[in-house]
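> could you work out the structure for the sequence below:
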Amino acid sequence: MEQTANRIGIYVFSGTGNTLKCAKALETALTEQGAAVRLHEIADGSETAAERDLVLCYPVYGFNMPRILKTFCRNLATGGNVWFLKTSGEPLHLNDNSSAQMIRILKKKGYRIKGEFHYIMPYNMVFRHTDETASLMWKTAEERIPEAAQMIAEGVETPIRSPFSAKAISALCRIEHWFYPKNGRLFRVDQIKCVRCMKCVNSCPTKNISFEDGKFRFGKNCIGCVRCSFRCPTEAIRIGLIDFMRVNGPYDFTRDPKGASIGRYCKKAYRRYFSEKI
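Alright, predicted model coming up:
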């Protein structure tokens, strides 16, 4: 595809909506900066980009990017500038190497890696944050995204540094790219709870779920986004070997963030993140 100069393309893959929420806020902030910008949602990774300046947005899965982003990067044309916007449920430096595979692919294509922005949003797996904590996470991201927009609009370049611990844990956890397709075949639907709304079938980014002869079938293309189980209105979907980490239902981001509570899990890291100056 012919590239479009002087326009910033925001390309976002979002499992359950948190990353898309941040990407839309970035689109608004860039527009306010006077930048020509267009947001595109990545459906299955086969898309191509028309812009030379790109912001690739994704949720961190197991200290790495979703497999779809790797496919997307391989489909891109050569040349241009790239920033990353990523979201995760915890503010640990172990997430610092999550873009590494994409960076290697893009550098070979002649892209210049300009920087990365990391925002904390509530988990869609592992455990459920309170709505008040989710509101604090979103309020913090919303306050900081305009600074990222200014840096992108001005072409500011910042190095991406990853400690050895982040490199080691991301390399180890890449087994998830192998695990999720196999675990996805173990997903099951509780036929008693299911109301046949077909949200899971219609929203699966890899078309991994089908409904045939009165039965739900799960293929081998699951990427672990858990969009199906998170959005299921009756909690009817079980997600295989990791069902003990399942979280269901949207967060209410309108709650008072002053009521946010930080538990023992990563307590120091959360407090450091929320207290950081822009």
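> only C-alpha atoms from now on, for both contacts and neighbour counts.
Fine.
> which helices and strands sit right next to the lengthiest helix in the chain?
Ranked by number of residues, the top helix in the chain under DSSP state H is helix 131-153. Counting contacts by 3 or more Cα pairs under 8 Å, 6 or more residues apart in numbering; DSSP states H and E, helix 131-153 is packed against helix 18-32, strand 111-120.
> let's have those in CSV, adding mean neighbour count and mean pLDDT.
Below are the helices and strands packed on helix 131-153 laid out as CSV (neighbours: other Cα atoms under 10 Å; pLDDT from 0 to 100):
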stretch, mean neighbour count, mean pLDDT
helix 18-32, 20, 98
strand 111-120, 20, 97
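> any chance of the ones you listed in a markdown table with distance to residue 87 as columns?
Output for the helices and strands packed on helix 131-153, formatted as a markdown table (distance: least, Cα to Cα, whole Å):
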| stretch | distance to residue 87 |
| --- | --- |
| helix 18-32 | 6 |
| strand 111-120 | 5 |
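> does residue 217 really touch residue 209, like I thought?
Yes. Between residue 217 and residue 209 there is a contact under Cα atoms under 8 Å: 5.7 Å.
> of these two, which one has the most company?
More neighbours surround residue 209 than the other of residue 217 and residue 209, with 24 against 17 (other Cα atoms under 10 Å).
> right, and that one touches residue 215 too?
No. Between residue 209 and residue 215 there is no contact under Cα under 8 Å: 10.4 Å.
> tell me where this protein has helices.
Taking DSSP H as the criterion, the chain carries its helices at 18-32, 67-75, 100-108, 131-153, 164-173, 175-184, 199-203, 227-231, 267-275.
> out of the ones you listed, nearest to residue 86?
Of all the helices of the chain, helix 18-32 sits nearest to residue 86, with 7.0 Å by Cα to Cα.
> the closest one to helix 131-153, inter-axis angle?
Here helix 18-32 runs at an angle of 40 degrees relative to helix 131-153 (axes from the mean of the first three to the mean of the last three Cα atoms, to 10 degrees).
> could you break the chain into its assigned domains?
As assigned by automatic domain parsing, the chain contains the domains 4-172, 175-245.
> save the ones you listed as CSV, and put in distance to residue 265 too.
Formatted as CSV, the domains of the chain follow (distance: least, Cα to Cα, whole Å):
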stretch, distance to residue 265
domain 4-172, 9
domain 175-245, 15
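> winner for burial among these?
Highest mean neighbour count of those: domain 4-172, a mean of 19 (counted as mean count of other Cα atoms under 10 Å).
> would you mind measuring from the residue lying farthest from the centre of the chain to residue 222?
Going by Cα atoms, centre = their mean, the residue of the chain most distant from its centre is residue 213, 33.6 Å out. Distance of residue 213 to residue 222, given as Cα to Cα, to the nearest Å: 21 Å.
> so what's the most centrally placed residue in the chain closest to, chain neighbours aside?
In the chain, the centroid-proximal residue (Cα atoms, centre = their mean) is residue 59; its distance is 1.8 Å. Distances taken as Cα to Cα, 6 or more residues apart in numbering place residue 87 nearest to residue 59, at 4.8 Å, with adjacent residues excluded.
> quick one, what contacts the one you found?
Neighbouring residues of residue 87 by Cα atoms under 8 Å, 6 or more residues apart in numbering: 18-19, 58-60, 118-121.
> wait, what's in contact with residue 97?
63-64, 161-163, 166-167, 170.
> now render these as a markdown table, adding distance to residue 103 and pLDDT.
Formatted as a markdown table, the contacts of residue 97 follow (distance: Cα to Cα, whole Å; pLDDT from 0 to 100):
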| residue | distance to residue 103 | pLDDT |
| --- | --- | --- |
| 63 | 15 | 96 |
| 64 | 12 | 96 |
| 161 | 12 | 93 |
| 162 | 12 | 94 |
| 163 | 16 | 94 |
| 166 | 15 | 96 |
| 167 | 13 | 96 |
| 170 | 14 | 95 |
